[in-house]
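Colleague: I'd like to go over a predicted model; first the sequence, then the structure.
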There are 2 protein chains.
Amino acid sequence: MGDHIRRNMPLFPIGIVKKLTELSARQIRYYEEHSLIQPSRTDGNQRLFSFNDVDRLLEIKELIDQGVNISGIKQIFTMKQAEKTKKVESFHSPERKELTDQQLRSYLKSELMMAGRFGKASLIQGELSRFFH
Amino acid sequence: MGDHIRRNMPLFPIGIVKKLTELSARQIRYYEEHSLIQPSRTDGNQRLFSFNDVDRLLEIKELIDQGVNISGIKQIFTMKQAEKTKKVESFHSPERKELTDQQLRSYLKSELMMAGRFGKASLIQGELSRFFH
DNA sequence: TTTGGTATGTTAGAAAATCTGACATAGTTT
DNA sequence: AAACTATGTCAGATTTTCTAACATACCAAA
């Protein structure tokens, strides 16, 4: 849960993000303009990107390469977000509250493992081998 | 294994490092001048710091606060380095290799994917992790 | 006490990086 | 053909960082 903080901490200027993602500054700003990312700013108005932002830009690039346009990407992202909040809601739903602590811990553990193992699998399949050797 | 590479990726401009370490730019440059750190540079000669650099600056700050002077810190660091190489010298020869941008992107991407999948693990270690809880 | 070294602050001027806004353009859609 | 999409490019302004120099408080040695 400190994880969220770490991954959302504003760290990188646009020059680094360009190298990291192989996107042009124009593209990155354009995607921001269309609300695909929301990097924060310094006091002097310079963009600062987090790991999550970079992650998201890599996803965007992937989708662009696959021919998806901005609107499509926006849809995909809002769908993903819906998935996430759905999971959180079901976790907090009333019938879940009747669980014993033991059951809860067990659930949490398996949930984390499943999410870990299969969370993003569809998106990455095939890509993954390239990055691990 | 790719850990070394991740932790040595040049990522942060000095402005970010100032915030992360609560050191002044003057201090950071002074420590570089005395070879306590060796941040890399952009084509335009701007410093770029890695996670390791930031970690090291936090160690430096700690030691300064404890009254150790630059020479002392230098000694401590060379001792630590000796310890490390002693431990692993039977496994690897510590040759320094330059990263291509492509390699850097690959590692970042896989790191981000791993972080998303397994919730965290290797990206941030050492003292720097204090800032992410 | 004077001198000198250490670690840091501050300032100035130059260079690099980034910002926004505008116009250009190759493809695609209508 | 006209409009739209996604990106390139350029200009001028602003922010950030650079080096070099000088200032200073503290401490220690001569």
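Modeller: Cool, the structure landed.

Colleague: CA only for contacts and neighbour counts going forward, please
Modeller: Noted.

Colleague: hey, where'd the strands end up in chain A?
Modeller: In chain A, the segments counted as strands under DSSP state E are A:40-41, A:47-48.

Colleague: now those as JSON lines including mean neighbour count, mean pLDDT and distance to DNA strand D?
Modeller: Output for the strands of chain A, formatted as JSON lines (neighbours: other CA atoms under 10 Å in any protein chain shown; pLDDT from 0 to 100; distance: least, CA to the nearest atom of the strand, whole Å):
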{"stretch": "strand A:40-41", "mean neighbour count": "15", "mean pLDDT": "98", "distance to DNA strand D": "8"}
{"stretch": "strand A:47-48", "mean neighbour count": "19", "mean pLDDT": "98", "distance to DNA strand D": "9"}
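
Colleague: So for DNA strand C, which of those strands sits nearest?
Modeller: When the strands of chain A are compared by CA to the nearest atom of the strand, strand A:47-48 sits nearest DNA strand C, at 3.4 Å.

Colleague: is chain B contacted by the longest helix anywhere in chain A?
Modeller: Identified as the longest helix of chain A according to DSSP state H is helix A:70-92. No. Helix A:70-92 lies apart from chain B when judged by CA under 8 Å from any CA of the partner chain; the minimum separation is 13.0 Å.

Colleague: For that helix, which residues meet the burial criterion?
Modeller: Under the neighbour-count criterion of 16 or more other CA atoms under 10 Å in any protein chain shown, helix A:70-92 has A:Ile70, A:Ile73, A:Lys74, A:Phe77 buried.

Colleague: could I get these as a markdown table with distance to A:Asn8 and pLDDT?
Modeller: Formatted as a markdown table, the buried residues of helix A:70-92 follow (distance: CA to CA, whole Å; pLDDT from 0 to 100):
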| residue | distance to A:Asn8 | pLDDT |
| --- | --- | --- |
| A:Ile70 | 23 | 97 |
| A:Ile73 | 21 | 97 |
| A:Lys74 | 20 | 96 |
| A:Phe77 | 17 | 95 |
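
Colleague: hang on, the earlier thing: tabulate the strands of chain A in JSON lines, adding columns for distance to B:Leu23.
Modeller: As requested, the strands of chain A are exported to JSON lines (distance: least, CA to CA, whole Å):
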{"stretch": "strand A:40-41", "distance to B:Leu23": "21"}
{"stretch": "strand A:47-48", "distance to B:Leu23": "20"}
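
Colleague: mind showing which ranges of chain A have poor pLDDT?
Modeller: Counting by pLDDT under 70, the ranges of chain A that qualify are A:1, A:90-133.

Colleague: Near DNA strand C, which residues of it? Just list them.
Modeller: Contact residues (CA under 7 Å from any atom of the strand) of chain A with DNA strand C: A:Pro13, A:Ile14, A:Gly15, A:Ile16, A:Ala25, A:Arg29, A:Asn45, A:Gln46, A:Arg47, A:Leu48.

Colleague: now the helices for chain A?
Modeller: A:2-8, A:14-21, A:25-33, A:51-65, A:70-92, A:101-118, A:121-124, A:128-131.

Colleague: Packing partners of the first one?
Modeller: By that I understand helix A:2-8. Helix A:2-8 is packed against helix A:51-65, with contacts defined by 3 or more CA pairs under 8 Å, 6 or more residues apart in numbering or on different chains; DSSP states H and E.

Colleague: re the thing from before, which residues does the longest helix of chain A contact?
Modeller: Residues from elsewhere that reach helix A:70-92 (CA atoms under 8 Å, 6 or more residues apart in numbering or on different chains): A:Tyr31, A:His34, A:Leu36, A:Ile60, A:Leu63, A:Arg96.

Colleague: What parts of chain A come near DNA strand D?
Modeller: A:24-27, A:30-31, A:42-46, A:64, A:69-71.
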